[in-house]
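**Student:** Fold the following.
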Amino acid sequence: MSVRFAASGASIRDSHKRAISSLYVPSLFFGIPGHAAFLLLPLCIIEIGGSPSAAAAVIGFKGLGMMLCDIPGGKIASKIGNKLTMQVAAMVVGLAFLAYSFCDSVILFWLVAFIHGCGSSTFLVGRMSFLASNYPVNQRGRIIAMIAGSLRLTALLGPLAGGLLIEFIEFKNTFMICSVMFFMGVFCMFRSQVLENSSETELRGTSTIDVVKDYQNIFMTAGVAAVVFMLMRAARTVLIPIIGESYNLDPSAIGLIVSLSALIDVLLFYPAGMAMDKYGRRSTAVPSSILFTLGLLGLATANSFISLLCWAVFLGIANGLSTGIVMTLGTDHAPVGRRGEFLGVWRLITDSGSTLGPLAVSGLLIFWPLSIAALSVGGLCGIGSYLIFKHVDETIKDGKEGA
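**Tutor:** Residues are numbered from 1 along each chain as shown. Just a heads-up that it's a prediction; the model follows:
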C-alpha cells in the first residue's frame with residue numbers, strides 16, 4: 001500500500017524505513033557514478049587526444065548545465081511532481097552516462113556533460129522539494145544528514161571504483177556500468193511507496209520572479225548563509241592540496257591528509273542531523289561557521305605535514321558539523337505550493353557559492369602569496385559567520401525532537 005506521511009506524526013524510525021528505497025539507496029546508486037565522473041571524464045578526454053584544458057572544461061560544462069537548469073528544474077518539479085521529476089532527471093543522467101561510452105570527440109563530451117548537468121540539477125531540486133513535502137520539520141535534519149552522509153561516502157568510493165574499473169574494463173564499459181547504476185536507482189524510486197503530498201498541487205504555476213520578490217528576505221539572509229557555507233567548503237577543498245604542494249609534500253601525504261579530514265567529516269554526519277532536529281538549525285550552523293573561519297585562518301599558518309594535518313582535521317570537524325545545513329535551511333524555508341520555484345532559486349544561489357570559492361582563491365593567488373590568500377578567505381568567511389549568527393532565524397521554534 002502506498003503512503004503519505006509528511007503530516008502523519010510518523011516516528012523517525014518509520015521515516016528512515018520509508019526513505020530507504022526512495023532516498024538512501026538511490027543516493028548510493030547515483031552518488032558512486034556521479035563522483036566517479038569527476039575522474040572518468042577528464043581522463044577519458046585526454047585518452048582520446050584532448051588537451052588538459054579541454055579535460056578541465058568538461059567539468060565546467062557539467063557545472064554550467066547545473067546552474068542553467070536550477071530554476072527550470074524547480075518549475076518542472078512544480079508541474080509534474082517531485083517524485084516523477086527525480087525519476088525522469090535520473091534517467092536523463094543515466095542516458096548521459098550511456099552516451100559517454102559512445103563519444104569519440106571532445107565536442108560530444110562537452111555536449112553530453114552539459115545535458116548531464118541539466119539532469120543532475122533537476123534531480124537535486126526535485127529531491128529537495130520531495131524532502132520538504134514528505135518529511136516533518138523536526139525529522140528533516142536527520143533524513144537530510146543521512147543523504148549528505150551517503151554523498152560523503154560515495155565521494156570516497158566513486159573515484160576509487162572508477163579508477164579500478166578503467167584499469168580492467170576501460171572507459172566505454174565503465175561508463176555503461178555507471179549508466180546501469182543510475183537506472184537501478186530509478187527502479188528503487190519507482191518501487192518506493194512514498195507518494196506526493198497532495199497539498200503541493202494547490203499553488204502551482206507561480207512565476208519565479210514572484211517567488212524571488214515574495215521571499216527576498218529569506219534569500220538575503222538564509223540564502224547568503226548558504227552561499228557562505230558553500231564558499232567555505234569549496235575554499236577548504238582547494239586550499240589544502242595547494243598548501244601541501246607549496247611545502248613539497250608528496251602526493252601520497254597530501255592524499256592522506258585529505259582522507260583523514262574526510263573521515264572525520266563522515267563520522268559526524270548523523271550527530272549533526274540529530275543536533276539540528278533536537279536543538280535547532282542554529283545549533284550546528286553557527287558553531288560550524290565559526291570553526292570553518294578559524295580553520296581557514298589556521299591554514300595560513302600551516303608549514304609542515306603535522307600542522308596541515310591538524311588544520312585539515314579541524315576543518316573536517318567543521319564540515320561534518322555543517323552536514324546537511326544548506327539543504328535543510330532550503331527545505332525548511334520553502335513555502336507550501338511554491339516549493340519547486342523557491343528551491344530552484346535556492347539551488348542557483350548555492351551553486352554560485354560552490355563556484356565562487358575556487359574563483360576567489362584563484363583570484364587572490366594572482367595578487368598575494370598563499371598565506372595571505374588563505375587569511376583573506378578566512379577573513380571573508382568570518383564576515384559570513386557573523387551574518388549567520390546575526391541574521392539567520394531558527395526554523396524549529398519549539399526545539400522538540402521528532403517522535
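
**Student:** low-scoring stretches of the stretch 301-403 of the chain, by residue?
**Tutor:** For the stretch 301-403 of the chain, the stretches with pLDDT under 70 are 358, 397-403.

**Student:** any chance you could map the helices in it?
**Tutor:** Here the stretch 301-403 of the chain has its helices, by DSSP state H, counting those that start in this stretch, at 305-321, 325-333, 339-367, 370-391.

**Student:** With distance to Pro33 and mean neighbour count as extra columns, can I get those helices in CSV?
**Tutor:** Using the backbone N, CA and C atoms, a C-beta is placed for each residue, glycine as well. Output for the helices of the stretch 301-403 of the chain, formatted as CSV (distance: least, C-beta to C-beta, whole Å; neighbours: other C-beta atoms under 10 Å):
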stretch, distance to Pro33, mean neighbour count
helix 305-321, 23, 22
helix 325-333, 21, 26
helix 339-367, 20, 21
helix 370-391, 32, 18
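
**Student:** Quick one: closest of those helices to Phe61.
**Tutor:** Closest to Phe61 of those, according to C-beta to C-beta: helix 339-367, at 13.3 Å.

**Student:** related to what we said a few turns ago, could you say which one of the helices of the stretch 301-403 of the chain comes nearest to Thr237?
**Tutor:** With distances scored as C-beta to C-beta, the stretch of the helices of the stretch 301-403 of the chain nearest to Thr237 is helix 339-367 (7.7 Å).

**Student:** And the closest one, what does it pack against?
**Tutor:** helix 52-80, helix 106-134, helix 208-214, helix 216-246, helix 325-333, helix 370-391 (3 or more C-beta pairs under 8 Å, 6 or more residues apart in numbering; DSSP states H and E).

**Student:** Out of the ones you listed, which is the most enclosed?
**Tutor:** Ranked by mean neighbour count under mean count of other C-beta atoms under 10 Å, the helices and strands packed on helix 339-367 are led by helix 325-333, which reaches a mean of 26.

**Student:** could you give the angle of that helix to helix 370-391?
**Tutor:** If you take axes from the mean of the first three to the mean of the last three C-alpha atoms, to 10 degrees, helix 325-333 sits at 20 degrees to helix 370-391.

**Student:** Which residues does helix 325-333 contact?
**Tutor:** Residues from elsewhere that reach helix 325-333 (C-beta atoms under 8 Å, 6 or more residues apart in numbering): 128-129, 131-132, 137, 140-141, 144, 147-148, 215, 218, 222, 225-226, 229-230, 272, 276, 281, 284-285, 288, 342-343, 346-347, 350, 392, 395-396.
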